[in-house]
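>>> Build me a structure from this.
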Amino acid sequence: MLSILIPIFNYNVLPLVNELVKQCNSCGITFEILCQDDASNSTENIQNQEINSFPNCSFFINETNLGRGKNINSLAQKAKYNWLLILDCDTFPAENNFIQNYISTITDSENIHFGGIIYEDKKPEKGQLLRWIYGRKRETSAVLSSNLLIKKDVFLQFPFDESITKYGYEDLLFFAVLKKNNFKVNHIENPTFHLNLETSELFLAKTKTALENLVFLYNSKKISSEESKIIKAFELLKKIKLIRFAVSIFKRNQTKIERNLLSEKPSLLLFDLYKLGHFCILNNR
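This is a model prediction of the structure:
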């Protein structure tokens with residue numbers, strides 16, 4: 001009935017798998033849990049190997065790095081059952097009836113269900129504040145594949161775009177394709193906690209990498225301004241011929257903006273301008 005897919009990169013998923021096995025057994029459903037590390041060469045995989053000793057559970061390691069989307073596609077191709085539950089490795093069910101809530105939601109008329117992402121209320125240390133604030137203010141209201149139940153045949157028909165191998169915006173394209181093909185996402189209150197907070201410096205670095213993906217998606221016409229506020233702002237600046245001016249202003253103020261984003265009071269408005277500035281630079285080369 002249910003195949004749970006957990007793409008991994010350098011993370012110990014034993015606590016998550018233990019909880020999911022307990023909940024699935026409590027529901028009395030037919031299930032499997034498939035976990036796959038994306039060639040991280042992590043010592044965490046020593047513990048992750050224990051997953052293979054659990055009934056109905058398997059742990060795999062990719063020989064080469066595929067990227068998150070292709071890694072999930074690979075897991076989906078291995079899956080036996082007709083419903084796929086995709087969970088990021090650094091998530092954890094907020095409630096002990098997490099699996100039951102999804103099982104109760106399954107109908108013949110709806111193919112995609114999103115349970116939501118939440119962050120713990122406890123404020124992290126200064127070095128992780130940007131990721132925490134961004135997650136609480138933006139990701140909790142977004143649609144993500146980090147806690148997604150989807151019919152297997154729908155996913156196999158519209159998998160993640162495998163041209164995206166680096167971090168970032170694979171979800172944006174995935175849901176844009178589903179929308180174009182008239183699939184709707186059913187939002188339910190069944191969240192997972194996002195546990196792993198990156199440092200603000202790492203988050204900024206990953207953001208720059210992600211923007212390279214967004215530029216690629218935009219220039220290859222896979223994503224339009226309808227799906228991205230950054231692209232919409234860029235096209236407005238382009239229309240009124242202010243791209244070079246915007247790049248110049250951004251470069252002069254980049255250090256000040258980064259100083260704020262790494263501080264105890266990072267501004268999401270400045271973070272938005274930071275992303276727009278880098279997008280403009282990448283598109284103005």
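
>>> Check which helices and strands the host helix or strand of Tyr134 is in contact with.
Using DSSP states H and E, Tyr134 sits in helix 129-137. On a contact count with 3 or more C-beta pairs under 8 Å, 6 or more residues apart in numbering; DSSP states H and E, helix 129-137 meets helix 200-219, helix 268-283. Yep, even glycine has a C-beta here, placed from its N, CA and C like the rest.

>>> Strand partners (parallel or antiparallel) of whatever helix or strand comes next after it?
Note on helix 129-137: by DSSP H and E, the next helix or strand toward the C-terminus is strand 147-151. Sheet pairing for strand 147-151, assigned by DSSP bridges, gives strand 83-87 (antiparallel), strand 112-114 (antiparallel).

>>> nearest residue to Pro7 other than its sequence neighbours?
Among residues not flanking Pro7 along the chain, Asn71 sits closest, at 4.4 Å (C-beta to C-beta, 6 or more residues apart in numbering).

>>> quick one: that neighbour and Leu269, what's the gap?
Distance, Asn71 to Leu269, by C-beta to C-beta, to the nearest Å: 34 Å.

>>> neighbour count winner among those two?
Between Asn71 and Leu269, Asn71 has the larger neighbour count (other C-beta atoms under 10 Å), namely 23 against 8.

>>> Let's test this: mean pLDDT of the helix or strand where the more buried one lies, rounded?
Using DSSP H and E, Asn71 sits in helix 68-78. Helix 68-78 carries an average pLDDT of 97.

>>> how about the CA coordinates for it, as PDB?
Output of helix 68-78 as PDB, limited to C-alpha atoms (Å, rounded to 0.1, in the frame of the first residue of the first chain):
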ATOM      1  CA  ARG A  68      18.100  15.200  -4.700                       C
ATOM      2  CA  GLY A  69      15.500  15.000  -7.400                       C
ATOM      3  CA  LYS A  70      17.200  12.200  -9.300                       C
ATOM      4  CA  ASN A  71      17.800  10.400  -6.000                       C
ATOM      5  CA  ILE A  72      14.000  10.500  -5.300                       C
ATOM      6  CA  ASN A  73      13.300   9.300  -8.800                       C
ATOM      7  CA  SER A  74      15.500   6.300  -8.300                       C
ATOM      8  CA  LEU A  75      13.800   5.500  -5.000                       C
ATOM      9  CA  ALA A  76      10.400   5.800  -6.700                       C
ATOM     10  CA  GLN A  77      11.400   3.300  -9.400                       C
ATOM     11  CA  LYS A  78      12.400   0.800  -6.700                       C
END
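
>>> Which strands or helices does that helix pack on?
Looks like helix 68-78 contacts strand 2-8, strand 31-37, helix 152-157, helix 170-180 (3+ C-beta pairs under 8 Å, 6+ apart).

>>> so of those, which one's packed in deepest?
Ranked by mean neighbour count, the helices and strands packed on helix 68-78 are led by strand 2-8 with a mean of 26 (mean count of other C-beta atoms under 10 Å).

>>> Can you name every helix or strand that the next helix or strand after that one contacts?
Remark: after strand 2-8, the chain's next helix or strand is helix 14-27, criterion DSSP H and E. Judged by 3+ C-beta pairs under 8 Å, 6+ apart, helix 14-27 is in contact with strand 2-8, strand 31-37, strand 91-93, helix 98-105.
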